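Undergrad: What follows is a predicted structure for the sequence shown.
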Amino acid sequence: MKANAFVGAANGRIFNGSKVTDQSETAGSEAQASTGLHLTSKSKAKNAKEAEAGDPYKLEGLDRVVAILDLLTGSDNSLSLAEICQQMQLRKSTAHRALMALERTGLIERAPTHRYRLGLKLYDMGSRAVEQIDLSARVHPYLRKLALRVGETVHLGVMHKSRIVYIDKIEPLNRRVCISSRTGTSNPVYCTSLGKAILAFSPADDVARTVSSIQFKGFTSKTLMSPEELMESLERVRRRGYAVDDEEMEIGTRCVGAPILNDEMRAIAALSVSGSTARLAAHCVPGIADHVIRCCQEISSVLGYTKVRPPAAKAH
């Protein structure tokens, strides 16, 4: 027993230095602590059991909001609450809660007509993601070299579902009129040279799945408007080694694109040269295509794909 602590048996009190505690109080406290520990243990066990089983509400909620974002991404127009409920087979209250959460975070916006569309925050996030893509950083010097060589706008793009996403762009020097595309934005795969170049050198199953998901929309009188037209165009791309957007997206603009291939001769991305139809005339296309194909081959080698041997550009 310590020198400054002793038990006073006569009055049932514990003396510990200057602290005086009644034994009955101590016993009560110990009992209460024991009960608390018991409850805490039960609570922890319950929480552990729930964690082991997973939290279906959180998972379902996450899956639901992602599905709503996918739905709005694939729609050409804003959607009403009723349309979202119908297409996703959700109850109105469930869909409304998810939409409110998305609207609060800025991922979607509600128009004055109470219709929902993607929010500008997604553009900011997408642009940031594009900036972080290692492919863009590694390929950028080659885009600059190609732009200097041909004197036109050069794009680097990747395919996401049925759209082509621009992840880098180089404008030529001293050009007053520039192409209106922006890094981080996207266009339909079927009316861009980048999209057709990637799709033509993709696995057959991926091509079929992508083509079947496309809702064809005419941007100009030259836009491809059916799966049959697109498949014929892809066959020409494979045959000559490059793709052409011949005013299919915008009147007065022509683009020539080629795929960046891996060792399996499958496209991982694509490069394109874009310019006005006056500067990039039809008879110039094979020569421009040859420059693009050579640049793509250099990039493939830099990325470690040493077996790539793209075909030389062939005339229409």
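TA: Ah, there it is. Since the structure is predicted, the reported quantities are computational estimates derived from the model, not experimental observations. Numbering: from 1, shown residues only.

Undergrad: switch to C-alpha atoms for all contacts and neighbour counts from now on
TA: OK.

Undergrad: L107 and S75, how far apart?
TA: 15 Å (C-alpha to C-alpha, to the nearest Å).

Undergrad: M88 now?
TA: 13 Å.

Undergrad: Count the residues that sit near D246.
TA: 20 (other C-alpha atoms under 10 Å).

Undergrad: before we move on, what about the one 10 residues further on?
TA: When neighbours are counted by other C-alpha under 10 Å, V256 registers 27.

Undergrad: again with the one 3 residues further on
TA: When counting by other C-alpha under 10 Å, one arrives at 37 neighbours for P259.

Undergrad: Compare L107 and S75 (neighbour count), which wins?
TA: Neighbour totals were compared for L107 and S75, and L107 leads with 19 against 12 (other C-alpha under 10 Å).

Undergrad: any idea what sits nearest that one, other than its immediate chain neighbours?
TA: Counting by C-alpha to C-alpha, 6 or more residues apart in numbering, G119 is the residue found nearest to L107 once chain neighbours are left out, at 4.7 Å.

Undergrad: show me what contacts the one you found?
TA: Listed by C-alpha atoms under 8 Å, 6 or more residues apart in numbering, the contact set of G119 reads E103, G106, L107, I108, E109.

Undergrad: now do E171
TA: A147, E152, T153, V154, C178.

Undergrad: for Y116, same thing?
TA: Contacts of Y116 (C-alpha under 8 Å, 6+ apart): L72, S78, L79, S80, L81, I108, E109, R110.

Undergrad: now do 6 Å
TA: Going by C-alpha atoms under 6 Å, 6 or more residues apart in numbering, Y116 touches S78, L79, E109, R110.

Undergrad: possible to save those as CSV with distance to V292 and neighbour count?
TA: Output for the contacts of Y116, formatted as CSV (distance: C-alpha to C-alpha, whole Å; neighbours: other C-alpha atoms under 10 Å):
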residue, distance to V292, neighbour count
S78, 38, 17
L79, 40, 19
E109, 40, 21
R110, 43, 18
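
Undergrad: Quick one: those as TSV, columns for distance to V285 too.
TA: Formatted as TSV, the contacts of Y116 follow (distance: C-alpha to C-alpha, whole Å):
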residue	distance to V285
S78	38
L79	41
E109	42
R110	44
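
Undergrad: With secondary structure, distance to G218 and pLDDT added, can I get the residues you listed in CSV?
TA: Formatted as CSV, the contacts of Y116 follow (DSSP: H, G, I helix; E, B strand; the rest coil; distance: C-alpha to C-alpha, whole Å; pLDDT from 0 to 100):
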residue, secondary structure, distance to G218, pLDDT
S78, coil, 19, 90
L79, strand, 21, 92
E109, strand, 27, 92
R110, strand, 27, 90
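
Undergrad: Farthest pair within the residues you listed?
TA: Spanning the widest gap among these are L79 and E109, at 10.7 Å by C-alpha to C-alpha.

Undergrad: quick one on the thing from earlier: make a ChimeraX selection of whichever of the contacts of E171 turn out to be buried.
TA: Buried residues within the contacts of E171, by 16 or more other C-alpha atoms under 10 Å, are selected in ChimeraX with:
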select :147,152,153,154
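
Undergrad: So E171 versus L146, what's the distance?
TA: 11 Å.

Undergrad: What segments of the stretch 151-300 of the chain are helices?
TA: 193-200, 204-213, 227-240, 285-302 (DSSP state H, counting those that start in this stretch).

Undergrad: Could you list the residues in contact with the shortest one?
TA: Right, the one you point to is helix 193-200. Under C-alpha under 6 Å, 6+ apart, the answer for helix 193-200 is I164, V189, L234, A243, V244, D245, V256, G257, A258, P259, A267, A270.

Undergrad: ok so, going back, which of the contacts of G119 fall within strands?
TA: Members of those lying in strands (criterion: DSSP state E): I108, E109.

Undergrad: Distance to D124 added to the contacts of G119, as TSV?
TA: Formatted as TSV, those follow (distance: C-alpha to C-alpha, whole Å):
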residue	distance to D124
E103	15
G106	11
L107	10
I108	12
E109	14
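
Undergrad: confidence score at A5?
TA: Per-residue pLDDT puts A5 at 39.

Undergrad: again with the one 3 residues further on
TA: What the model reports as pLDDT for G8 is 38.

Undergrad: Let me see the ranges of the strands in the chain.
TA: 5-8, 13-16, 19-22, 79-80, 108-110, 115-118, 153-160, 163-170, 186-188, 243-246, 253-261, 267-276.

Undergrad: Show me which of the contacts of G119 is closest to Q297.
TA: L107 (38.5 Å).
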